[in-house]
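Visitor: What follows is a predicted protein model with its sequence.
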Amino acid sequence: MMNFPNREATLACGGSFDAALTDLAALASLTCHVSIALVALNGIERVWFQASTDCQIDAIAREIRKTIGLWTADSCQVKTLVTQEGYYLVAVPILLSSRVLLGWLCLLDQTVFDLNANQREALQMLSSQVTTHWINGVQKYRTEQALKQARQMLEDTQAQLIQAEKLSSLGEMIAGIAHEINNPLSFVHGNINYVSQYIQNLFELIHLYQQSYSQPVDAIQQFSQAIDFEFLTEDLPKSLISMKVGADRLQQIVLSLRNFARRDGDEKRLSDIHEGLDSTLTILQHRLKAADQIEVIKEYGEIPLIECHPEQLNQVFMNLIGNALDAFDQSSQPLQRIRITTETVSHSTPAIVVRIRDNGKGMAADIRDRIFDPFFTTKPRGKGTGLGLAISHKIIVEGHGGQLRCWSEPGQGTEFSIELPLPAAFTQPAIAAHATSRPAA
């Protein structure tokens with residue numbers, strides 16, 4: 001049995017194809033001196049009349065479709081028959097190739113007619129013209145579709161590049177700010193201990209003076225009372241301790257910012273995944289503290305350092321944890337929880353797996369299946385670009401040869417799994433030997 005072109009491909013040829021077939025049908029009618037000529041193209045399920053010279057063809061269309069539908073297994077020759085409506089039919093095959101039947105060029109008249117050699121040759125040429133128009137139309141359609149897809153890919157890539165450039169600029173700005181803050185901070189942090197010791201020495205010196213001169217002059221006694229010297233000696237060490245705690249915290253934040261935005265060129269380098277996760281959590285601390293009911297559980301396993309682009313992975317962590325926090329804004333959970341786990345797995349090749357799970361509202365299947373599509377977002381207008389997860393997927397899959405997967409059900413929360421492959425020669429004992437760990441919080 002011969003193959004047939006489908007209706008979608010035929011219709012894809014567009015209006016110019018229809019017009020060309022109508023002209024060819026009219027030319028066939030004039031050439032052979034018959035009242036009706038039509039072009040019938042085979043589809044997958046039925047015969048489609050693409051062009052006709054007679055608007056009353058519906059009266060015999062069903063019979064012609066049924067008859068032509070049976071002409072598929074025979075050799076493609078000129079067919080003649082008399083229809084039940086009393087029309088004399090001559091059909092010339094339209095071939096796409098030696099084994100592909102495109103359709104039939106049909107001639108109908110209410111009187112018996114025969115085709116001479118010239119008319120048969122003309123009809124064969126007209127059927128070849130139908131094939132040529134069909135091929136050109138399909139090629140044009142395919143070219144247009146390819147251009148449309150290429151244009152869409154270009155727009156998607158352009159948007160992702162713009163977003164990546166914004167993130168890169170943001171990273172450079174963060175790194176610059178962190179560097180500028182770090183210089184005076186290091187000065188303050190490094191001198192707090194000395195200042196604390198100096199003040200303690202001064203207090204001891206004052207204490208010795210008080211022992212030696214138990215009866216100070218009136219001016220000293222009045223000033224001591226004015227400044228509440230006893231409270232000062234008790235509160236100043238506490239203030240210094242608070243300043244040191246604050247400086248330590250600020251130094252940790254600056255370190256996290258520098259680690260998050262660190263760029264070491266285009267080369268991958270050995271990095272600690274846990275350090276990147278902790279830096280991300282530090283940067284998001286303002287959002288975590290804004291809602292007292294959010295609990296972050298860290299279950300860090302023993303994993304090795306991995307060659308990667310750490311600043312890119314930090315962007316992924318930021319997107320995934322940030323999305324979990326966004327999901328809590330629309331959740332009614334009394335206790336909102338984010339669980340971050342890391343482990344090494346040994347499948348066909350060893351890998352590090354990072355899982356970030358929340359107990360938010362979850363997602364329906366139709367949304368879950370599209371979350372990695374560029375520009376797809378469920379957030380209100382102005383709240384998201386729809387590029388965060390698309391870029392994250394590209395970073396993991398294309399940039400690191402890994403996998404980024406999502407599991408989610410409505411009311412069951414969402415889990416993202418990042419799988420980063422390790423070198424094939426990296427065996428389990430080597431992983432244990434290189435492992436770094438963090439206690440769960």
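Guide: Yep, that arrived.

Visitor: alpha carbons only for contacts and neighbour counts from here, please
Guide: Noted.

Visitor: any idea which helix or strand comes after the strand or helix carrying residue 138?
Guide: For residue 138, the host element (DSSP states H and E) is helix 117-212. Following helix 117-212 in sequence order, the next helix or strand is helix 218-226 (DSSP H and E).

Visitor: Which stretches in this protein count as strands?
Guide: Applying DSSP state E to the chain gives strands spanning 36-42, 47-52, 79-82, 88-97, 100-109, 269-271, 294-300, 306-308, 336-346, 350-358, 403-408, 414-421.

Visitor: Quick one: closest of the ones you listed to residue 254.
Guide: Comparing those by their distance to residue 254 (C-alpha to C-alpha), the top pick is strand 269-271, with 18.2 Å.

Visitor: May I have the strands that pair with the closest one, each with its orientation?
Guide: strand 306-308 (antiparallel) (DSSP bridges).

Visitor: What lies in contact with the partner strand?
Guide: Strand 306-308 has contacts (C-alpha atoms under 8 Å, 6 or more residues apart in numbering) with 268, 269, 270, 271, 272, 273, 400, 422.

Visitor: 6 Å - rerun?
Guide: 268, 269, 270, 271 (C-alpha atoms under 6 Å, 6 or more residues apart in numbering).

Visitor: wait, what's in contact with the third one?
Guide: Residue 270 makes contact with 305, 306, 307, according to C-alpha under 6 Å, 6+ apart.

Visitor: Not including adjacent chain positions, what is the nearest residue to it?
Guide: residue 307 (4.3 Å; C-alpha to C-alpha, 6 or more residues apart in numbering).

Visitor: okay, now that neighbour: neighbour count?
Guide: 17 (other C-alpha atoms under 10 Å).

Visitor: That one and residue 271: what is the separation?
Guide: 6 Å (C-alpha to C-alpha, to the nearest Å).

Visitor: per-residue pLDDT, the residue nearest to residue 270?
Guide: pLDDT, residue 307: 90.

Visitor: Look up how far residue 185 lies from it.
Guide: For residue 307 relative to residue 185 (C-alpha to C-alpha), the value is 31 Å.

Visitor: ditto for residue 126
Guide: Distance from residue 126 to residue 185, by C-alpha to C-alpha: 87 Å.

Visitor: OK, contacts around the spatially most central residue of the chain?
Guide: Residue closest to the mean C-alpha point of the chain, counted by C-alpha atoms, centre = their mean, is residue 390 at 2.2 Å. Under the criterion of C-alpha under 6 Å, 6+ apart, the contact list for residue 390 reads 372, 373, 374.

Visitor: Next, give phi and psi for the first one.
Guide: Okay, so that is residue 372. Backbone torsions of residue 372, given as degrees, to the nearest 10, read phi -90, psi 0.

Visitor: Quick one: residues contacting it.
Guide: Residue 372 neighbours (C-alpha under 6 Å, 6+ apart): 389, 390.

Visitor: okay, it: pLDDT?
Guide: Turning to residue 372, the model gives it a pLDDT of 78.

Visitor: Nearest residue to residue 124 in space, please, no chain neighbours.
Guide: That would be residue 92: by C-alpha to C-alpha, 6+ apart, it lies 7.3 Å from residue 124.

Visitor: Just give the closest residue to residue 358, not the sequence neighbours.
Guide: residue 338 (4.5 Å).

Visitor: Hmm, residue 296 and that neighbour touching each other?
Guide: Yes. Residue 338 lies in contact with residue 296 (C-alpha atoms under 6 Å); the separation is 4.8 Å.

Visitor: neighbour-wise, which of these two wins?
Guide: residue 338 (22 against 16).

Visitor: right, and residue 37 touches residue 109 too?
Guide: No. Residue 37 lies out of contact with residue 109 (C-alpha under 6 Å); the separation is 8.8 Å.

Visitor: More neighbours: these two, which one.
Guide: Between residue 37 and residue 109, counted using other C-alpha under 10 Å, the more crowded position is residue 37 (29 against 18).

Visitor: Brilliant, that's me finished.
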